[in-house]
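Chemist: Could you work out the structure for the sequence below:
(5 chains)
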Amino acid sequence: MGHTIGRSKKTGLPPGSLVYTGDKKTESMKISIIDYDENGFEEKQVQTIEECLPYKNNGRVTWIDIDGLDNIDNVKKLGDCFGLHTLVLEDILTTDQRPKMEDFGDYIYMVLRMLYYNKKTFRITSEQISIILKKDIVISFQEREGDLFDPVRERLRSAKGRIRKMGADFLAYSLLDAIVDNHFVILEDVGESLEDVEEELVMNPSVKTSIKIHTFKRDMIVLRKSIWPMRELINGIFRLESNLISSNIEIYFRDIYDHTIQIIETVESFRDMLSEMLDIYLSSISNRMNEIMKVLTIIATIFIPLTFIVGVYGMNFKYMPELEWRWSYPVLWLIMLSIGGFMFYNFKKNKWL
Amino acid sequence: MGHTIGRSKKTGLPPGSLVYTGDKKTESMKISIIDYDENGFEEKQVQTIEECLPYKNNGRVTWIDIDGLDNIDNVKKLGDCFGLHTLVLEDILTTDQRPKMEDFGDYIYMVLRMLYYNKKTFRITSEQISIILKKDIVISFQEREGDLFDPVRERLRSAKGRIRKMGADFLAYSLLDAIVDNHFVILEDVGESLEDVEEELVMNPSVKTSIKIHTFKRDMIVLRKSIWPMRELINGIFRLESNLISSNIEIYFRDIYDHTIQIIETVESFRDMLSEMLDIYLSSISNRMNEIMKVLTIIATIFIPLTFIVGVYGMNFKYMPELEWRWSYPVLWLIMLSIGGFMFYNFKKNKWL
Amino acid sequence: MGHTIGRSKKTGLPPGSLVYTGDKKTESMKISIIDYDENGFEEKQVQTIEECLPYKNNGRVTWIDIDGLDNIDNVKKLGDCFGLHTLVLEDILTTDQRPKMEDFGDYIYMVLRMLYYNKKTFRITSEQISIILKKDIVISFQEREGDLFDPVRERLRSAKGRIRKMGADFLAYSLLDAIVDNHFVILEDVGESLEDVEEELVMNPSVKTSIKIHTFKRDMIVLRKSIWPMRELINGIFRLESNLISSNIEIYFRDIYDHTIQIIETVESFRDMLSEMLDIYLSSISNRMNEIMKVLTIIATIFIPLTFIVGVYGMNFKYMPELEWRWSYPVLWLIMLSIGGFMFYNFKKNKWL
Amino acid sequence: MGHTIGRSKKTGLPPGSLVYTGDKKTESMKISIIDYDENGFEEKQVQTIEECLPYKNNGRVTWIDIDGLDNIDNVKKLGDCFGLHTLVLEDILTTDQRPKMEDFGDYIYMVLRMLYYNKKTFRITSEQISIILKKDIVISFQEREGDLFDPVRERLRSAKGRIRKMGADFLAYSLLDAIVDNHFVILEDVGESLEDVEEELVMNPSVKTSIKIHTFKRDMIVLRKSIWPMRELINGIFRLESNLISSNIEIYFRDIYDHTIQIIETVESFRDMLSEMLDIYLSSISNRMNEIMKVLTIIATIFIPLTFIVGVYGMNFKYMPELEWRWSYPVLWLIMLSIGGFMFYNFKKNKWL
Amino acid sequence: MGHTIGRSKKTGLPPGSLVYTGDKKTESMKISIIDYDENGFEEKQVQTIEECLPYKNNGRVTWIDIDGLDNIDNVKKLGDCFGLHTLVLEDILTTDQRPKMEDFGDYIYMVLRMLYYNKKTFRITSEQISIILKKDIVISFQEREGDLFDPVRERLRSAKGRIRKMGADFLAYSLLDAIVDNHFVILEDVGESLEDVEEELVMNPSVKTSIKIHTFKRDMIVLRKSIWPMRELINGIFRLESNLISSNIEIYFRDIYDHTIQIIETVESFRDMLSEMLDIYLSSISNRMNEIMKVLTIIATIFIPLTFIVGVYGMNFKYMPELEWRWSYPVLWLIMLSIGGFMFYNFKKNKWL
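Modeler: Here you go, the predicted model:
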């Protein structure tokens, strides 16, 4: 359960204490550097933070991508190198942050959540991604290696689109865009699963169906916790008067903003649909219950009185005149058939059958 | 299901990539031009974007209506011709936009949703309509040919009302008005269907009735997703300080604004009514269940003890004095009748019958 | 159902087209004029709009009251006479407007809803009333003749209160006040009906009770749709900087404003109470169901095993030693009585009886 | 029911008409005057309004407390004496006002609600209290004699605290404080009753428990209607720039304001708790239902098949070989016991027992 | 129940009356003083308030921590010593305050709630903590001795982090931080308990499970009542323009603010989850009910008709031809088996089995 916050490890420590609260231990921290401008492109993997230093202030845009956060010393060293506040480093390592953005003057710190959807368990899990935007430098932190940023890397390599012509702000935008677009992919997957469940609901509703619906409802809670603050974050970037973000890419941020709104509305309408589906499930269950009760009632109502009647003539009294009569038996059959028929007719009339 | 967003086709592509995300392939794009001023009127169908160019800056109002969006090259060409931003073209082709308006200085981009109501399945579906308002030019994009704008065309042809005397802003207003008015038609159709369902609910509620109610509830979700942002859109036009919209038609926009509010309130009261109807359905179901249970209980409660009694005298013990008595049988009948009568009286008293 | 909007008649028509969308055809339009100042008072019925003209600008306050809206020509003529915008005339005739107020500089247009409560069906219906406030002139439009404004007329005739000493703004206020006060009357009637239903709920809840509750819930929807925008309307008059409304009657509008708030709160608390009543109904139903089930269960639980036992000794096996024993029968009775008694005791202990 | 507004008595009357809408007729209006400054204190009961006049402008603080509002002439006279607007007098007599405050320049009019809690019926009822704050004069109106203000009177008599040293504004504050504190007393009483109900809910839930819960829910509606506008009222006093209220007692009003917030939050948490309790009640009911059904099902499921079996051997066919066999009867008992045992085992396994 | 407010003790008393409303009587008030600056540190326990005086204005930061509030005289003396308003002292002693902050110019008064979670009863209880921030002095009041502030004390002793280098504002922040962090610990504990309950819900839902869920729902109400106003409080500190709080620690308060938001969101998502869990519980219960009903119905539906049939041939009529026939008995068995088989098949087909 993603709600175990893991913060108790930190209770009582002074602010700015660096403790990694996640539970995913990668084998080692992986540092990859991409350095580019309109004309050139360089990509390499380094082992130590020190190897990143030459890329600082080299006049080209540098993207340092860090996968794995369990090496606290490295994070600390990086913070010293690039002048990051201890509280920022603390936030990077405390991997249950809600998405937010903070402006520290010479750099902007953004923390976001990347989502994974497991198509088998229908569960959405999330992971923290931190992005630092400094002059000409973007540093990104992931809990473990992921392929979310691969398309951006690919575009940088192939110089497709305008990304190589733009600055670090456009790179940061591209990363944000990749994270937001990832939500669409998940929503689409969820949408498909929902369609399946909806069909199941109509064809053959069972307890499993309702458990699936509840799982999806919970997924929507996870999605909302990720996307609502994302909207605030991007809105915050708008209102920011920072020279780290040039005015000509504002239209791109407006575009992402529209996307977050659309994601929010889709999540909300998924929620509405799930409530509807749950209502339908419940009423189909209660309907089935009714069906069952009706059958029981009809059978019981018809046969209980008849059973009483035949019981009467199963009594062993010495003086029961009917027992001796010639036509008692067939007449009784007639009586019983008419009682049964009358009841059946009544059920029909009352639309119980 | 309209929630499959189809955006996954675009994941990883650079911003501004033109991909048509809809699933309606028309045979070919249809371009119709209407060019008019107070004195003259010209209407024609063209094959290529190039044929539109002469109408640019000819001093008359020009309306270019494009049906079908699968020809991406044409959209691109048109964008180049009329100086539209790639992100706008991308939005035109990504046919799951929520209604919005954006001011690009020399033109205004509006995206709206047109609704269709299927009276048989009770389902509301929607389609995207984009409108570009430039100086003296209105360009409209539809996913497929529709007759929504026909009344506007007719009024232009016949010079009815003041439309031919006004500028491109009034034309854009007329198109918006047609789209908003379309909501009233749908609400009226839904309202009629609702009355039918309401009658069904009173006369003969069945599972089908509840499914219809759920369908309508979902329709209301679709309607809300279309109309709420429409209100924002028109509100945005008010607050716009653009010389593309002259001040003397502001009152007309205020009129549409009132209409959107009215639509919203009708949708909300439909929602309230549907909740009410569902409650009524559920309580009628539970009431019927009660009826059924009562019948079962009454029959069982009366006959189960009686059956026990006759069972007693069906036993084959050698020494059962009652069996030999002369009046056992009629006395037993009396006893059983009084037990049955007493129970019946009790049920009456407790209002179970 | 008041939700059939009747606007489809107007789809595709140019804005400002005059079509009466109501369904109440009065025999003919009735025009009554009341003309007064502090010293004099004149009241008369006229046949044509032309007869109203002399009262324009005669230095006294004139109230033109029009009942019945099916004569579109007359409305048009009136609009021309008094310089009303076509969109206003359109709104007067489109009788499903939500309450609103619009300031056109030299006149103020207000549209409100008058409510009727049918004490037999418990249904609230509504009708549109339009009021035009011009300098020294008030024009009111009703769909059909009503007695709502009679007290105002009476006060004018008898010069009671300060109404004859005040201007057209006070007259308009008096009409608004009459409409708002009408809500109190309806709420009181509804309140009384609610008390009856509440008593019924406690004494003898039936399906009818729940249907009444649902009817009231729907009435509250109608009331809210009328009163919320009314509050906005009166709030709008406050914020208005119009010389049509003198500052010394502002306190009267504040008074109406308080009344609308009080009506809103009463409606909201009625809604809360209705929800409570529905909950009570449902729990009383489910309670009765429980009672029924308990009876069934007790009877069945006691007698089914006993019936099995007597069935055993009704078997015709040749070799059943018990059948021959001398005291079998009375012993069996003892056994059966103790089983029954034990079960009864258990039910008592578990508080089922 | 407190919702019968009683305003219909006033429909059609001109604004400012004085009609007492309450239903509590006291024997006669009681007027008590307390006149004090730091050094002196005078308290007396008077019969006529005229006797109050000497206290006007005598340089000391005067508190006129009026109990009983059915003597309209006296209220009118008082209004004339102290220069109160007719609308204020109307509000004083219309005893279903929602709490509000109005500033008339030379005096402030406040209307509040005093609550009574009946510990037997668990019902909260309310009564209107009006307070007029003029320079050096406070006039309070109650529907009937109450002891709410006794502690204030006592403090004035004994010169306890700083009340005798302060002006009329502090007196008004003290009255407000008494009214607000009264809410705490009621909440505490309700809280205690709630604890009882909670215990009852755990020990022995019955229909009565649910009715109590519903009564409390309705009480909360009454409380909210009283306390929310009270908050606005006190907030209004803050924002007031009136020289009737000196700045050094602002901190006392902030204190009351905090109290209203705390009352609101307690009411809200009571509401949450009541919803919880209702849920618990419903689930305990449904649980009991389940228990009952289980017993029925177990008994029926075990004995119905057995009864069928013994029925088989109760048949009178001439040719039934089993009937003649030597060990039929004991073997059948074995079979029946194993069937019963098997079913019992199954129920155990499925946790039904 | 924490809702018994205990304020009735104070009704009618003048404002500023000092009465301790809590119910926890500690043996005696415990006063501990920590006095420090960057170079020195002194810690001691004192018996009387007078012993605190030397620490006033000694140029170092002084933290006076008071555990136990039943000694009202001491509180009063302290208030006199440090110039605290009587209303503040009243608030300190009235231990059901909602968290709030008040700026008195030369000191800031903050009241907060500390939470305790009982892992056995799953109940959250709370206690009031008051903090006074004066120039160079922090005074904290707790109802009883707690170990919440121990880590802060430890850091002061060991000069760990920067706490010894900072002023009284940082000390106040550290205390606030400890209180907020305490919420994380509780949320984590609750989260773990929730996981257990969730497992129980899937494996073996019982009435106990639902009671636990309801207990947690109520805990969330307590948590919300504590944390929402805490957010306001910290927000209030931001907006404060007080020279008691230096600008360089603003970033630390922003950090706490983020924490409160995160706590709020976790509480909200716990609430959502609990609602989900309750829904799952209810549907599992109703599902089990269905299962039970199905078994009953199947058994009854199959055997009731068969029992009737065997009853028929248990009748003792003299003239029943079937009784004499040679193959009646085996044929009847065949008939009964096919009836049973047919019904069984039907149940299978309708998915009841």
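Chemist: C-alpha only now, for contacts and for neighbours.
Modeler: Noted.
Chemist: ok, the residue in chain A that chain B sits nearest to to chain D distance?
Modeler: Nearest residue of chain A to chain B: residue A:315, at 3.9 Å (C-alpha to the nearest C-alpha). As judged by C-alpha to the nearest C-alpha, to the nearest Å, residue A:315 and chain D stand 11 Å apart.
Chemist: Equivalent analysis for residue A:75, please.
Modeler: 45 Å.
Chemist: Any idea how many residues pack against that residue?
Modeler: As a burial measure, residue A:75 scores 21 neighbours (other C-alpha atoms under 10 Å in any protein chain shown).
Chemist: do the host helix or strand of it and chain E meet?
Modeler: Counting by DSSP states H and E, the element that carries residue A:75 is helix A:72-82. No. Helix A:72-82 does not reach chain E (C-alpha under 8 Å from any C-alpha of the partner chain); its nearest approach is 15.8 Å.
Chemist: And that helix, what's buried?
Modeler: Within helix A:72-82, the residues that count as buried by 16 or more other C-alpha atoms under 10 Å in any protein chain shown are A:72, A:75-76, A:78-79.
Chemist: Closest one of those residues to chain E?
Modeler: The closest of the buried residues of helix A:72-82 to chain E turns out to be residue A:76 (C-alpha to the nearest C-alpha; 15.8 Å).
Chemist: Need the three-state assignment for residue A:114.
Modeler: Judged by DSSP: H, G, I helix; E, B strand; the rest coil, the three-state class of residue A:114 is strand.
Chemist: pLDDT and distance to residue B:61 for the buried residues of helix A:72-82 - can I get that in JSON lines?
Modeler: Below are the buried residues of helix A:72-82 laid out as JSON lines (pLDDT from 0 to 100; distance: C-alpha to C-alpha, whole Å):
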{"residue": "A:72", "pLDDT": "83", "distance to residue B:61": "66"}
{"residue": "A:75", "pLDDT": "86", "distance to residue B:61": "63"}
{"residue": "A:76", "pLDDT": "88", "distance to residue B:61": "65"}
{"residue": "A:78", "pLDDT": "88", "distance to residue B:61": "61"}
{"residue": "A:79", "pLDDT": "89", "distance to residue B:61": "61"}
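Chemist: Dump those residues to CSV, plus distance to chain B.
Modeler: Shown next, in CSV, are the buried residues of helix A:72-82 (distance: C-alpha to the nearest C-alpha, whole Å):
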residue, distance to chain B
A:72, 32
A:75, 29
A:76, 32
A:78, 29
A:79, 30
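Chemist: any idea which helix or strand comes after the helix ranked longest in chain A?
Modeler: As assigned by DSSP state H, the longest helix anywhere in chain A is helix A:250-312. Per DSSP H and E, the first helix or strand lying C-terminal to helix A:250-312 is helix A:321-324.
Chemist: How about that next one and chain E, any contact?
Modeler: Yes. Remark: helix A:321-324 sits within contact range of chain E at A:322-324, by C-alpha under 8 Å from any C-alpha.
Chemist: from these, which would you call buried?
Modeler: residue A:323.
Chemist: The residue in chain A positioned nearest to chain E: what's it in contact with?
Modeler: Nearest residue of chain A to chain E: residue A:314, at 3.9 Å (C-alpha to the nearest C-alpha). The contact partners of residue A:314, taken as C-alpha atoms under 8 Å, 6 or more residues apart in numbering or on different chains, are B:310-311, B:313-314, E:311, E:314-316.
Chemist: Can you name the residues of the stretch 201-350 of chain A that neighbour chain E?
Modeler: So the stretch 201-350 of chain A meets chain E at A:207, A:211, A:214, A:218, A:221, A:225, A:282, A:289, A:292-293, A:295-296, A:299-300, A:303-304, A:306-307, A:310-316, A:322-329 (C-alpha under 8 Å from any C-alpha).
Chemist: Show me how to select, in ChimeraX, the buried members of those residues.
Modeler: Restricted to buried positions by 16+ other C-alpha under 10 Å, the ChimeraX selection for these reads:
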select /A:214,218,221,225,282,289,292,293,295,296,299,300,303,304,306,307,310,311,312,313,314,315,316,323,328,329
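Chemist: Please report the distance of the closest residue in space to residue A:273 that isn't next to it in sequence from residue B:314.
Modeler: Leaving aside its chain neighbours, residue A:273 sits nearest to residue B:218 (7.2 Å; criterion: C-alpha to C-alpha, 6 or more residues apart in numbering or on different chains). Computed with C-alpha to C-alpha, to the nearest Å, the distance linking residue B:218 and residue B:314 is 62 Å.
Chemist: Just the local confidence number for residue A:259, please.
Modeler: Listed pLDDT for residue A:259 reads 90.
Chemist: so how far is residue E:153 from it?
Modeler: For residue A:259 relative to residue E:153 (C-alpha to C-alpha), the value is 49 Å.
Chemist: The residue of chain A closest to chain B against residue B:309, yeah?
Modeler: No. With contact defined as C-alpha atoms under 8 Å, residue A:315 does not count as touching residue B:309 (9.6 Å).
Chemist: where do the contact lists of these two overlap?
Modeler: Common contacts of residue A:315 and residue B:309 (C-alpha under 8 Å, 6+ apart): none found.
Chemist: And the strands in chain A?
Modeler: Along chain A, counting by DSSP state E, strands occupy A:30-36, A:41-46, A:61-67, A:100-103, A:107-118, A:123-134, A:137-142.
Chemist: Name the nearest residue to residue A:118, sequence neighbours excluded.
Modeler: residue A:124 (6.4 Å).
Chemist: which helices and strands sit right next to the helix holding residue A:75?
Modeler: helix A:86-93 (3 or more C-alpha pairs under 8 Å, 6 or more residues apart in numbering or on different chains; DSSP states H and E).
Chemist: and for the helix it packs on, what are the contacting residues?
Modeler: Applying C-alpha under 8 Å, 6+ apart, the contact partners of helix A:86-93 are A:15-22, A:69, A:75-76, A:79, A:97, A:109, A:111, A:130, A:141.
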